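> Quick one, fold the following:
(chains A and B)
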Amino acid sequence: MNRFALPIALFALLVVVLAIGIKHSPDKGVIASPLIDKPAPQFSLPSLADATRTVSTTTLRGRWYLLNVWGSWCGTCREEHRMLLEVRRSGLVPLVGLDWKDDDAQARSWLAQLGDPYEVVAVDHDGRTAIDWGVYAAPESFLVNPQGIVVYKCMGELTPEVWEKEILPRLQKRQAATS
Amino acid sequence: MLPELGHFALILALLLAALQAFFGIGGAMLGRERWIAAVTPAVAGQFVMIATAVGCLVASFVGNDFSVLYVAENSNSALPLFYRVTALWGAHEGSLLLWILLLAAWTVAVSIGAARLPPRFAARVLGVLGVISLGFLLFTLATSNPFHRLDPAAPDGRDLNPILQDPALAVHPPILYTGYVGFAVAFAFACAAMLEGRLDQTWARWTRPWTTAAWGFLTCGIALGSFWAYYELGWGGFWFWDPVENASFMPWLVGTALIHSLAVTDKRGLFKSWTLLLAILAFSMSMLGTFLVRSGVLVSVHSFAADPARGIFILAFLVVMIGGALSLYTWRAPLLKSTAGFELGARESFLLFNNVLLVIAAATVFAGTLAPLISDALKLGTVSVGPPYFNPVFMLSMLPLLTLLSVGIHSNWKRGRLKDKQRTLLYTLVAAAVLACGVVFGIYSHGRMLTPVGATLALWIVLASLVDPIDRWRRGLSLSRAVVGMTVAHLGLALAALALTTVQSFTIEKDVALAPGASTSAGGYEFRFDGVRPLEGPNYDAVGATISVTRNGAPVTVLKPEKRHYWVQGNDKTVTNIEMHRGANILVALGDDLGAGRWSVRIQIRPLVSFIWLAALVMAIGGALAASDRRYRTARAPEAVSAGVATGDATP
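I've put the predicted structure just below:
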């Protein structure tokens, strides 16, 4: 071992630290939302299926729901869609869509083509509601409990891992509490 | 059609980069002249392909083709044309494409300049650059393809992030990246020298102008970024020690050390292995910066594209490039022997101090930037490292650096005969101290302990730097561009030190709530709030305030800060208004609507703050002068011939 090997030894150490850093980095987005354990921001928006009806946080009160922010313009939402249909099939938690800055006709044809996983979809044309919820980029999903408190936020695609590791345990806790 | 063409061009560029790397390194190793002859056409072809790809993406932006995902996410039909073009580097994928384009441009420049170098050596340099390009092209195509289509196409785009809709930030990334990427040239020269075993000082001579040029761009790029943060983020700070800022500052510090160490290696044949290491480090810092920004391991205001998969790819690439270069170093550096000694007090020893201090400074910034990551990896909890750490620690290495600079420029190579210069040094120091105290206590009449120290050191550099050039000029002797460039760059540094000292000591900040017609005073100025009015821009609406500034009853200026709301992204943006008066910047930013016509208003008076960015420009001009010195152009030809004959060790 000569002294000229010192730089590469230090570099190897750095690589280890960076590799650990990458492994940990997905958790960071979770901590980032200031909404966790806070009341979900209120909204009252027209429904996508029928613009004369409204979807509002007050009517959603009293039960668990998963608010999913999406848009027909969003590529990742398309990839996420199959997972959302699985969630619907499982019947474990109702999905509430927030159609973000989208064209209504396009959004409807998207749901007609790919299948509709949502119980109801609220239309957020100007994006104000998404701002209230601190939406950074679609897709994002928020798990809200019957008291209207946000218990979990998933930034980006809702993957099977997130569903199993983050959302299912929280839903199971709810069942343990009620039974 | 265009996006597919661009995608295809990028794939062709990847193939050409592979050829360039293979023929360059392989041809030089095996001595195949026909392989070597194929390198330059591959370089040119690669540039054309990458330029085509960039052109296609720009065309998609300009033509509002929202069937391209990247365009849909970063542009909008209401976005002005200028920003539709600069939106190209508004996010991750396009930034990478820009990075690659600039690397290709540097490579073309090197291949033109390399006509004067021994062909095998030039082939190796271009081959190493090919490997770098190959890695980044692979990264782009595999994880960050900007040509992804959206089906069905979006009706309109999501718009460019409003804080990026600004002239300074629009041109900041290309200039910064030109600097970043430019260090790849020094890296390639060092690797080529190690591969070939040509470890005499000729490689240092060839590398110098490239390194200085890259450094100049990096200096300008960092300054532009800081200037943007100052007026655009709305809170008037010019440096936040944010991980992304540090990522650009670390290569700058190491690059500055490299410039000085290359001078010693070139002129005296000393520090050879150290210079090699710095050349590797400077570009490694650039790549590490890319990793930190793009992988999402550090949470930062800039990390708009965090993705672990990308992080893993870049990390693997770092291991190949930096690990490869450092392995070469471990293997080759022990063969180097210094051929001459020097006395303490000789110029070599001052440049050694310069290097040590700059590297320490870079290391402290590095440690502070990575501390949150390390603490996280060791499960010590979340820490955040900010200005309370960076400011004092950074100053600890900068104050000695500034002090030694004034003495060092009067030292001679090899011998420590500083005695002859004792008088000059003493006189200039006394003059600087008197002037500094006069300014600090005369004009501002207060200050912290370090204020007169910083001002004295800065002014000492100014006076000490000018003594010799003025003397030579008066005696009618010629001054080389290299010397003029060095002096100008040092004056730039002194200006920066002076401005930073003043800003840190005498800034006045005030946050107030004002009703229409009410006024407040700060720093001898009177600010009257005349209320707000609605405004409308191409893709936003806004409220604009009018604030009249007076001094002792005499009008100074009328400031009109705005608060904008961008329709598509729904973001708010604060637009400050800044006026220069008596060398100080008067900045006013509009805060929140407090109801009943009252608004919160932030007022800042920062003396000499503009001189920080001016100083960076002066430094860059110094770099440009030094890089264009005649000796790099004319002295090269005969030397290349002699170096080609005498392979291996060449002693002066």
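
> which stretches of chain A form helices?
Ranges of helices within chain A are A:6-32, A:57-60, A:75-90, A:104-114, A:128-132, A:160-162, A:168-178, based on DSSP state H.

> can you tell which of the ones you listed is closest to chain B?
Closest of these to chain B is helix A:6-32, at 3.8 Å (criterion: C-beta to the nearest C-beta). Yep, even glycine has a C-beta here, placed from its N, CA and C like the rest.

> same question for the closest one, mean pLDDT?
The average pLDDT within helix A:6-32 is 74.

> From chain B, how far out is the most centrally placed residue in chain A?
Nearest to the mean C-alpha position of chain A, counting by C-alpha atoms, centre = their mean, stands A:Ser141 at 1.4 Å. Remark: distance between A:Ser141 and chain B (C-beta to the nearest C-beta, to the nearest Å) = 18 Å.

> which parts of chain A sit against chain B?
Contact residues, chain A versus chain B (C-beta under 8 Å from any C-beta of the partner chain): A:2, A:4-5, A:7-8, A:11-12, A:14-15, A:17-26, A:28-29, A:32, A:72-73, A:75, A:101, A:103, A:106, A:126-128, A:130-131.

> From these, list the buried ones, please.
A:4-5, A:7-8, A:11, A:14-15, A:18-22, A:25-26, A:28-29, A:72-73, A:75, A:101, A:103, A:106, A:127, A:130 (16 or more other C-beta atoms under 10 Å in any protein chain shown).

> mind checking the SS state of B:Gly544?
strand (DSSP: H, G, I helix; E, B strand; the rest coil).

> Within its local environment, how many residues does it see?
B:Gly544: 17 surrounding residues under other C-beta atoms under 10 Å in any protein chain shown.

> re earlier: okay, and the beta partners of the residue nearest to the centre of chain A?
In this entry, A:Ser141 is beta-bridged to A:Asn68, A:Cys154, by DSSP bridges.

> need the contact list for it.
Counting by C-beta atoms under 8 Å, 6 or more residues apart in numbering or on different chains, A:Ser141 touches A:Leu66, A:Leu67, A:Asn68, A:Val69, A:Lys153, A:Cys154, A:Leu158.

> quick one: it from B:Arg448, how far?
51 Å (C-beta to C-beta, to the nearest Å).

> Can you list the low-confidence ranges for the stretch 551-652 of chain B?
B:569-570, B:634-652 (pLDDT under 70).

> show me where it has helices.
With DSSP state H, counting those that start in this stretch, the ranges of helices along the stretch 551-652 of chain B come out as B:610-627, B:630-634, B:636-645.

> Can you mark which positions in the second one are buried?
If you call a residue buried by 16+ other C-beta under 10 Å, then helix B:630-634 has these buried ones: B:Tyr632.

> contact partners of that helix?
B:Arg205, B:Arg208, B:Pro209, B:Ser480, B:Arg481, B:Ala482.

> Out of these, who's the most crowded?
Neighbour tally across these (other C-beta under 10 Å): the maximum, 24 neighbours, falls on B:Arg208.

> Pop out the phi and psi values for it.
phi -50, psi -50 (degrees, to the nearest 10).

> thought it was touching B:Thr265?
No - B:Arg208 is not in contact with B:Thr265 according to C-beta atoms under 8 Å; the separation is 9.2 Å.

> any weak-confidence spans in chain A?
Filtered on pLDDT under 70, chain A yields the residue ranges A:1, A:24-33, A:174-179.

> ok, now how distant is B:Ala626 from B:Trp210?
12 Å.

> out of these two, which sits in the busier spot?
B:Ala626 (27 against 24).

> Now that one. Nearest residue, chain neighbours left out?
With sequence-adjacent residues excluded and distances taken as C-beta to C-beta, 6 or more residues apart in numbering or on different chains, B:Ala626 is closest to B:Gly485, at 2.9 Å.

> and the gap between that neighbour and chain A?
B:Gly485 is 30 Å from chain A, by C-beta to the nearest C-beta.

> State the helix or strand in which that residue lies.
Assigned by DSSP states H and E, B:Gly485 belongs to helix B:481-506.

> Let me see the contact set for the residue of the stretch 101-250 of chain B found nearest chain A.
Residue nearest to chain A within the stretch 101-250 of chain B (C-beta to the nearest C-beta): B:Ala154, separated by 3.6 Å. Applying C-beta under 8 Å, 6+ apart to B:Ala154 gives the contacts A:Ser72, A:Trp73, B:Phe66, B:Ser67, B:Ala72.

> what's the most distant pair in those?
A:Ser72 and B:Ser67 (13.0 Å; C-beta to C-beta).

> tell me the secondary structure for B:Leu277?
Of the three states, B:Leu277 takes helix under three-state DSSP.

> Show the pLDDT at it.
At B:Leu277, pLDDT is 95.

> ditto for the one 5 residues further on
Among the per-residue scores, B:Ala282 shows a pLDDT of 96.

> if I pick it, what's in contact with it?
B:Phe183, B:Ala186, B:Phe187, B:Thr211, B:Pro251, B:Val254, B:Gly255, B:Leu258.

> so how far is stretch A:66-77 from its chain's centroid?
Once both centres are worked out by C-alpha atoms, centre = their mean, to the nearest Å, stretch A:66-77 turns out to sit 9 Å from its chain's centre.

> ok, B:Gly368 - contacts?
B:Trp241, B:Asn246, B:Val385, B:Tyr389, B:Phe390, B:Val393.

> most surrounded residue in those?
Ranking the contacts of B:Gly368 using other C-beta under 10 Å puts B:Asn246 first, with 25 neighbours.

> nearest residue to it other than its sequence neighbours?
That would be B:Thr369: by C-beta to C-beta, 6+ apart, it lies 4.5 Å from B:Asn246.

> in the strand or helix carrying B:Leu224, what's buried?
Using DSSP H and E, B:Leu224 sits in helix B:202-232. Buried residues in helix B:202-232, counted by 16+ other C-beta under 10 Å: B:202-232.

> before we move on, what about stretch B:515-522?
Neighbour-count burial for stretch B:515-522 [16+ other C-beta under 10 Å]: B:Thr520, B:Ala522.

> That one spans what distance, first to last residue?
End-to-end distance for stretch B:515-522, by C-alpha to C-alpha, to the nearest Å: 17 Å.

> Would you mind pulling the contact partners of it?
B:508, B:510, B:512, B:514, B:526-531, B:596-598, B:603, B:605.

> ok, 7 Å please
Contact partners of stretch B:515-522, identified using C-beta atoms under 7 Å, 6 or more residues apart in numbering or on different chains, comprise B:508, B:510, B:512, B:514, B:526-531, B:597-598, B:603, B:605.
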